[in-house]
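Participant: sequence and predicted model, in that order:
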Amino acid sequence: MNQLTVSPKVHISLYTRDIEAMTDFYSRFLGQQPDKRREDYAKYDLDVPPWVLSFVLKPEMAAAVPGHLGIRVSSPQEVEAWKKHCLAQNIAVREEKGVNCCYAIQDKFWVQDPEGNWLEIYYFHQDAEWSAPEQTEGEGEAITAASSCCKS
């Protein structure tokens, strides 16, 4: 892993039953309002602590699944380097380029740990005014949490 680099922020995304309560609590706890706020989404882009912390309104998943973890890198080339590293280690990846996820255009790929937790390595291109709707993939198989949008 010596050749791989990451930006100095960790991305944490959590599902919630009550976006208003979470936004209220974290705004008070962190001493700032969200950097991005939608009816079903809130994001804090923090320097201290070095987090990109987001909340997604998804009541049916809030108790069962903590969302996902992400590492935001500083270039598409870093996404590729991480992907090559994972593939070299026989870790399955699900790649997505130019996707609209959580009101942002991103290049990314997902991996899943042995406990079923999803992790994404992603490059943020720009904000988007809309977020991709839930979709299905392949032969009727529903796209999982590690798919075209973290809201799936």
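Facilitator: Thanks, I have the structure now.

Participant: low-confidence ranges, this protein, go.
Facilitator: For the chain, applying pLDDT under 70 flags the ranges 1-2, 6-7, 65-66, 115, 132-152.

Participant: quick one: the strands in this structure?
Facilitator: 10-16, 36-38, 41-45, 51-57, 68-72, 94-101, 104-112, 118-127, 136-137, 141-142 (DSSP state E).

Participant: a markdown table for those strands, including distance to Glu78 and mean neighbour count?
Facilitator: (C-beta placed from N, C-alpha, C; glycine too.) What follows is the strands of the chain, written out as a markdown table (distance: least, C-beta to C-beta, whole Å; neighbours: other C-beta atoms under 10 Å):
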| stretch | distance to Glu78 | mean neighbour count |
| --- | --- | --- |
| strand 10-16 | 14 | 20 |
| strand 36-38 | 23 | 15 |
| strand 41-45 | 18 | 21 |
| strand 51-57 | 15 | 21 |
| strand 68-72 | 9 | 20 |
| strand 94-101 | 14 | 16 |
| strand 104-112 | 10 | 20 |
| strand 118-127 | 7 | 18 |
| strand 136-137 | 26 | 12 |
| strand 141-142 | 30 | 10 |
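
Participant: need those in a markdown table with distance to Phe29, can you?
Facilitator: Output for those, formatted as a markdown table (distance: least, C-beta to C-beta, whole Å):
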| stretch | distance to Phe29 |
| --- | --- |
| strand 10-16 | 14 |
| strand 36-38 | 16 |
| strand 41-45 | 10 |
| strand 51-57 | 10 |
| strand 68-72 | 20 |
| strand 94-101 | 25 |
| strand 104-112 | 23 |
| strand 118-127 | 24 |
| strand 136-137 | 37 |
| strand 141-142 | 34 |
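
Participant: out of those strands, flag the one nearest Lys83.
Facilitator: strand 104-112 (5.1 Å; C-beta to C-beta).

Participant: please name whichever of the strands of the chain is nearest to His85.
Facilitator: Nearest to His85 among the strands of the chain is strand 118-127; the distance by C-beta to C-beta comes to 9.4 Å.

Participant: ok, back up a step: which of the strands of the chain sits closest to Asp24?
Facilitator: Among the strands of the chain, the nearest to Asp24 by C-beta to C-beta is strand 41-45 (10.0 Å).
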